[in-house]
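Colleague: mind folding the following:
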Amino acid sequence: MRKKYLKLTNEQKKRGVIFSSQLMPDNEPIIHEVFEDDRNNNKIDLLLDDKFFNNSHWSYNLIRR
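Modeller: Predicted structure coming up:
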């Protein structure tokens, strides 16, 4: 699985998102977001550790910060 690092979208910034992880490609992407309110480094660390998905049908983990 490859990681692609991108900037947060304007819409995410308006909603208070500080971190986003999206598994791609898929018909219905799975998006996990961390908001300013629940600033939790453990959750961010877990979302960055995508080794579990190495042999899955997902090819990319789109990371937005």
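Colleague: do a quick rundown of the helices in the chain.
Modeller: 10-15, 41-48 (DSSP state H).
Colleague: mean pLDDT lowest where, among those helices?
Modeller: With a mean of 86, helix 41-48 has the lowest mean pLDDT of the helices of the chain.
Colleague: among the helices of the chain, which is the most enclosed?
Modeller: helix 41-48 (a mean of 12; mean count of other CB atoms under 10 Å). Glycine gets a C-beta too; all of them are placed from N, C-alpha and C.
Colleague: who are the packing partners of that one?
Modeller: strand 17-24, strand 30-35 (3 or more CB pairs under 8 Å, 6 or more residues apart in numbering; DSSP states H and E).
Colleague: residues contacting Y60?
Modeller: Contacts for Y60 (CB atoms under 8 Å, 6 or more residues apart in numbering) come out as 1-4, 23-25.
Colleague: can you check D37 too?
Modeller: G16.
Colleague: got phi/psi on it?
Modeller: Note on D37: its backbone torsions stand at phi -60, psi -40 [degrees, to the nearest 10].
Colleague: quick one, phi psi at N40?
Modeller: The phi/psi pair for N40 (degrees, to the nearest 10) is phi -130, psi 100.
Colleague: wait, it sits on L46?
Modeller: No. N40 is beyond contact range of L46, at 9.3 Å (criterion: CB atoms under 8 Å).
Colleague: list the contacts of the helix-or-strand element of the chain with minimal mean pLDDT.
Modeller: Between all helices and strands in the chain, the lowest mean by mean pLDDT, DSSP states H and E belongs to helix 41-48, at a mean of 86. Helix 41-48 is contacted from outside by 3, 19, 21, 32, 34, 63, using CB under 8 Å, 6+ apart.
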